[in-house]
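Engineer: Coordinates for the following, if possible.
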Amino acid sequence: MISEFLSQWHLEGLVVGLATFLIIGVFHPVVIKCEYYFGVRCWWWFLVLGIAMCVVSVIVDDTICSILSGVVAFSSFWTIKEIFEQRDRVRKGWFPANPKRVNGGSSTAKKQ
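Structural biologist: Reported below is the predicted structural model:
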């Protein structure tokens, strides 16, 4: 029903583009918050999410849902890399370290 409307008006590309922009935009603060609260030990959550969304992308019949599932999958895989880079950004002082988490998977506590 919605797919037919989008197809009729040739809006699929705009919808996929906007949704991709929003998905990437959501993952940015997720990386920051996850590293802050859990350190890098949460990387496997994104691996599981990415694999699950790859499976969803393959089994869903709707083209737009399949594409967006793939976008979420590969955004999750990219987030794994970003979690480790966020740890480095925290070590450089670009982002605040979580004072309540002492070496909780991130090694952000600076030794003086």
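
Engineer: rest of the way, CA atoms for contacts and neighbours
Structural biologist: Will do.

Engineer: got a list of contacts for stretch 41-55?
Structural biologist: 34-35, 69-70, 72-77, 79-80, 83, 105-106 (Cα atoms under 8 Å, 6 or more residues apart in numbering).

Engineer: Try it again at 10 Å.
Structural biologist: 31, 34-35, 56-57, 59, 66-84, 104-106 (Cα atoms under 10 Å, 6 or more residues apart in numbering).

Engineer: next structured bit after the lowest-mean-pLDDT helix or strand in the chain?
Structural biologist: Using mean pLDDT, DSSP states H and E, helix 2-8 stands out as the lowest-scoring helix or strand of the chain, at a mean of 83. Going down the chain from helix 2-8, the next helix or strand is helix 12-38, by DSSP states H and E.

Engineer: can you tell me the average pLDDT over that next one?
Structural biologist: In this model, helix 12-38 carries a mean pLDDT of 96.

Engineer: residues in contact with the least confident helix or strand of the chain?
Structural biologist: For helix 2-8, using Cα under 10 Å, 6+ apart, the contacting residues are 1, 9-15, 62-65.
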